[in-house]
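Asker: Quick one: sequence and predicted model below, then my questions.
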Protein chains: 2
Amino acid sequence: MGKEVIKQLNFEKTGGLIPVIAQDYETGEVLMLAYMNEEAFNKTLETSKAHYWSRSRGKLWLKGEESGHVQLVKEILVDCDGDTLLLKVEQIGGAACHKGYKSCFFRRIEDGDAKIISKQVFDPKEKYKK
Amino acid sequence: MGKEVIKQLNFEKTGGLIPVIAQDYETGEVLMLAYMNEEAFNKTLETSKAHYWSRSRGKLWLKGEESGHVQLVKEILVDCDGDTLLLKVEQIGGAACHKGYKSCFFRRIEDGDAKIISKQVFDPKEKYKK
């Protein structure tokens, strides 16, 4: 499986990683952008749970592995150049952002500043207790 | 203008370019993903028309400069890490994709293949006559 699709994806263009947009499959809200390598892509296809490559931690990352906020993948779209993916997902827990917001895009650029326009769904200090 | 915002954007993390998602401001449809450097970001703020950095041509690119399909920027959102932008735009001409589709994400991954799920809005051969 996936082999034919992989041929149409251009992982090389961006050094082995392609950007992936996650979008709420019901509301259309853009939740986040992350990156996949081939392994993350294949894991996502196999499990229907979004897997990414964490650039900061340098490892494969099941989104929600720590918080429980996994993304159930309903649909995968590929762009004209084969170098970007769009996942339509059901976001478990109601929040994609590790800062506690539904979407990572919770700040709007206004008058030369970035203003918070959303409410927190959870308190990250509570969620990610060490 | 824009100086305070620029400080909150991390262009360095990805070698001077940040990924930018363009989304239809009315329907929420994700139209495309492109990249901005600081110059493209500032031009976008100044003009309210989406400007990107074309990686293939190595130059600043006013989206729609050839096709007329410019993007009027209604809103700019920045993500939690300051390394991705989301533009809410009015897509003039009804199509963002140079292949003639409304969205660059006109193919869905199904059964190991990428199948076209949208209709062309224009014929690229007609539009981009040389």
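Answerer: Arrived safely.

Asker: burial of residue A:107, as a residue count?
Answerer: Look at residue A:107: counted by other CB atoms under 10 Å in any protein chain shown, it has 21 neighbours. Glycine gets a C-beta too; all of them are placed from N, C-alpha and C.

Asker: residues contacting the nearest residue to it once chain neighbours are set aside?
Answerer: Nearest residue to residue A:107, sequence neighbours excluded (CB to CB, 6 or more residues apart in numbering or on different chains): residue A:114, at 4.2 Å. By CB atoms under 8 Å, 6 or more residues apart in numbering or on different chains, the contact set of residue A:114 is A:107-108, B:5, B:8, B:78.

Asker: Could you pull out the buried residues of the helix or strand containing residue A:114?
Answerer: Per DSSP states H and E, residue A:114 falls inside strand A:113-116. By 16 or more other CB atoms under 10 Å in any protein chain shown, the buried positions in strand A:113-116 come out as residue A:114.

Asker: swap in stretch A:17-24?
Answerer: Neighbour-count burial for stretch A:17-24 flags A:17-24 (criterion: 16+ other CB under 10 Å).

Asker: now swap in stretch A:35-42 and tell me
Answerer: Neighbour-count burial for stretch A:35-42 [16+ other CB under 10 Å]: A:35-37, A:40-42.

Asker: contacting residues for residue A:115?
Answerer: Residue A:115 neighbours (CB under 8 Å, 6+ apart): A:107-109.

Asker: Point out the other elements, helices or strands, that the helix or strand encompassing residue A:35 touches.
Answerer: Residue A:35 belongs to strand A:30-36 when assigned by DSSP H and E. Using 3 or more CB pairs under 8 Å, 6 or more residues apart in numbering or on different chains; DSSP states H and E, the elements in contact with strand A:30-36 are strand A:18-24, strand A:51-54, strand A:85-91, strand B:18-24.
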